[in-house]
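S.K.: coordinates only, no sequence provided:
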């Protein structure tokens, strides 16, 4: 579909299969998910529909400045949204109500995510790039993998520059 590797019928079949697996898997975990008052299954359908629609029109859309900003801080937002959002809602909802607490919690969460990105994530990425450049590290080639995923993802390209030479010790 989006990457031109799957047609609409296959995508639809996979979406329905994904929905059913999710729904029946959740039923095993928690029976109340089938309650008429529980909105998770309906929310999942809406999410799939919005995602599918966005894939169809993605090449006709231009990312707005706000969308580019949110995509830049998305990892920090992911890490901080639950703690910061919940904390702000617990503090604000009893005092000012949900109507005003939700937008304030959203802005506060985005603000904390931006600060986290600006002062933690961005400098860390720069430091990692500098280490890679300084030690001339390169990603492992597939033939170098040992199967142990816990090992480092990088290896020195020129081991002679990192290790003391044997001729110098003789």
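M.R.: Yep, that arrived. If you're wondering where the values come from, they're calculated on a predicted model, not measured in any experiment.
S.K.: most centrally placed residue in this protein?
M.R.: Centroid-nearest residue in the chain, with Cα atoms, centre = their mean: residue 75, separated by 5.6 Å.
S.K.: can you pull the buried residues of the helix or strand containing residue 124?
M.R.: Applying DSSP states H and E as the criterion places residue 124 in helix 122-134. Residues of helix 122-134 classed as buried by neighbour count (16 or more other Cβ atoms under 10 Å): none. For the C-beta atoms, the positions are set from N, CA and C on the backbone; glycine is no exception.
S.K.: packing partners of it?
M.R.: Counting contacts by 3 or more Cβ pairs under 8 Å, 6 or more residues apart in numbering; DSSP states H and E, helix 122-134 is packed against no other helix or strand.
S.K.: what mean pLDDT does that helix get?
M.R.: The average of the pLDDT scores along helix 122-134 is 88.
S.K.: that older thread, doesn't residue 121 make contact with the residue nearest to the centre of the chain?
M.R.: Yes. Counting by Cβ atoms under 8 Å, residue 75 does reach residue 121; the two are 6.6 Å apart.
S.K.: show me which positions of stretch 80-97 end up buried.
M.R.: Neighbour-count burial for stretch 80-97 [16+ other Cβ under 10 Å]: 80-81, 84-85, 88-89, 92.
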